[in-house]
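Visitor: Here's a sequence, model it:
(one chain, ligands or ions: 2)
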Amino acid sequence: MNIKISNIANLPSKFGNLKIQSFQEGIKEHLVIFKEPLGQIPLVRIHSECLTGDALGSLKCDCGEQLEFALQNISSLGGMIIYLRQEGRNIGLFNKVNAYALQDQGFDTIEANHQLGFKSDERSYEVVETILEHFKIDKIRLLTNNPKKMSCLKNIMIIERWPIIIPSNNHNVDYLKTKKEMMGHLL
Ligand SMILES: Nc1nc2c(ncn2[C@@H]2O[C@H](COP(=O)(O)OP(=O)(O)OP(=O)(O)O)[C@@H](O)[C@H]2O)c(=O)[nH]1
Ligand SMILES: [Zn+2]
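Guide: Residues are numbered from 1 along each chain as shown. Ligands and ions are numbered 1, 2, ... in the order given. All right, here's what the predicted structure looks like:
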């Protein structure tokens with residue numbers, strides 16, 4: 001895949017003065033949000049888009065709080081968020097809304113995907129290697145609770161995993177239970 005890379009721009013935010021750069025992979029416009037110095041072994045968060053959680057304050061998942069946790073940490077310690085446009089574990093927003101409607105009927109997050117003919121997780125992480133290579137980064141400390149993400153990065157050494165600790169709420173407790181029991185998340 002041919003990747004187009006934008007210039008770097010300033011992004012002053014409530015978390016501090018960050019930098020932003022876009023990596024365009026076909027129709028997907030990914031983002032890198034970073035704070036220098038990145039250090040020898042940068043702290044990296046690979047975040048998959050969740051419009052409902054990241055922007056609308058949805059309580060159905062932990063995405064918004066994870067993003068905020070990552071922004072706070074990279075702002076104070078230096079590091080990078082790779083924001084991947086893989087909405088709904090890459091089934092897209094339209095299908096995620098249909099999956100949510102199935103969840104309203106009692107299906108869990110995995111079953112709802114299956115009902116719609118998708119795998120439980122349709123994401124891929126190849127572009128992450130391209131992005132990190134561009135920044136000449138080959139070792140990272142990864143902010144994640146998802147062990148699958150660690151084995152997806154073939155050419156990047158993960159020196160350390162930093163957990164993201166977010167308390168559950170009444171709306172996402174079953175979702176988090178499914179992530180832990182069925183998807184192997186370390187919660
Ligand atoms: N299809 C679908 N996608 C969801 C649902 N809830 C959240 N997502 C998507 O799941 C992605 C986030 O994945 P998570 O499983 O929360 O976390 P992760 O990125 O695998 O792991 P962490 O690094 O620990 O956050 C985002 O793209 C969300 O839009 C859901 O019920 N159905
Ligand atoms: Zn979410």
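
Visitor: just the residues of this structure that are near ligand 1, which are they?
Guide: 48-50, 61, 63, 66, 86-89, 91, 96, 99, 109, 113, 144-146, 149, 164, 179, 185 (Cβ under 6 Å from any ligand atom). For the C-beta atoms, the positions are set from N, CA and C on the backbone; glycine is no exception.

Visitor: List the ones among those residues that fall in strands.
Guide: Of the positions in the residues of the chain next to ligand 1, S48 sit in strands, assigned by DSSP state E.

Visitor: can you map out the helices along the chain?
Guide: 51-54, 63-77, 87-90, 93-104, 109-115, 126-134, 147-152, 173-183 (DSSP state H).

Visitor: I'd like those helices written out as TSV, with mean pLDDT added.
Guide: Output for those, formatted as TSV (pLDDT from 0 to 100):
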stretch	mean pLDDT
helix 51-54	98
helix 63-77	96
helix 87-90	98
helix 93-104	98
helix 109-115	96
helix 126-134	95
helix 147-152	84
helix 173-183	80
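
Visitor: check contacts around K4.
Guide: Each residue near K4 by Cβ atoms under 8 Å, 6 or more residues apart in numbering is listed here: F23, Q24.

Visitor: residue contacts, the spatially most central residue of the chain?
Guide: What sits nearest the mean C-alpha location of the chain, by Cα atoms, centre = their mean, is H47, with 1.4 Å. Listed by Cβ under 8 Å, 6+ apart, the contact set of H47 reads D54, C63, Q66, L67, A70, I81, I82, Y83, L84.

Visitor: how much space between it and P167?
Guide: 19 Å (Cβ to Cβ, to the nearest Å).

Visitor: hmm, who's touching the lengthiest strand in the chain?
Guide: Secondary structure of the chain per DSSP E: the longest strand is strand 16-25. Strand 16-25 is contacted from outside by 1, 3-12, 29-36, 71, 74-76, 127, 130-131, 134, using Cβ under 8 Å, 6+ apart.

Visitor: ok, of those, which come out buried?
Guide: Among the contacts of strand 16-25, those classed as buried by 16 or more other Cβ atoms under 10 Å are L11, H30, L31, V32, I33, F34, K35, L71, I74, S75, V127, I131.

Visitor: my read: the fourth one touches I74, true?
Guide: In this case it means V32. No - using Cβ atoms under 8 Å, V32 makes no contact with I74, being 10.8 Å away.

Visitor: what about L142, how many neighbours?
Guide: For L142, the count of nearby residues is 19 (other Cβ atoms under 10 Å).
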